[in-house]
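Asks: prediction below, plus the sequence it came from.
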Amino acid sequence: MRGARGAAVETVPKRPRPRRTFSAAEKLRIVKKADACLASGKRGALEAMLREEGIYSSLLSSWRAQLAAHGTTGLEARKPGRKSKLDAKDRRIAELMKRNAELERKLHVADAVIALQKKAHEILGIALPALDGES
């Protein structure tokens, strides 16, 4: 017999494993270990080391290329994606210009409200209170 009709088996989705990151020191250690495996001449030593470390040979190849091109600084982590076209100074200028535009818009609205209040006082015949700065 198959069980009760309508009974559903609840499945819980697996959590994705977090992406593994390597520090520059770990990358250098693994590259040196791989080079030692190749120098030893033992058949399959490199493949065993890659399985042990849990990395692909393509990743090892890219680390070797980075090491050859830029030295140990090439192995340091970088942010993915394009580099920002703006430096910190330019970002600050853009932020201040945006804020200035917003304040100018608010000032324009406030001036319009004040003009409307003056017209309302004029129409209703109510005297406006004198301000200290005005003559």
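Replies: Noted; the coordinates are in hand.

Asks: what about Gly81, how many neighbours?
Replies: Neighbour count of Gly81, defined by other C-beta atoms under 10 Å: 6. (C-beta placed from N, C-alpha, C; glycine too.)

Asks: Pro13 now?
Replies: Using other C-beta under 10 Å, Pro13 has 5 other residues around it.

Asks: ok, it to Lys32 distance?
Replies: For Pro13, the distance to Lys32 (C-beta to C-beta, to the nearest Å) stands at 39 Å.

Asks: ok, Lys118 - contacts?
Replies: Lys118 makes contacts with Leu128, as judged by C-beta atoms under 8 Å, 6 or more residues apart in numbering.

Asks: go through the helix or strand containing it and flag the buried ones.
Replies: Counting by DSSP states H and E, the element that carries Lys118 is helix 88-124. When burial is assessed from 16 or more other C-beta atoms under 10 Å, helix 88-124 yields no buried residues.

Asks: and the residue positioned nearest the centre of the chain, backbone torsions?
Replies: Geometric centre of the chain, nearest residue: Lys79, 7.9 Å, by C-alpha atoms, centre = their mean. For Lys79, the backbone dihedrals (degrees, to the nearest 10) come out as phi -70, psi 140.
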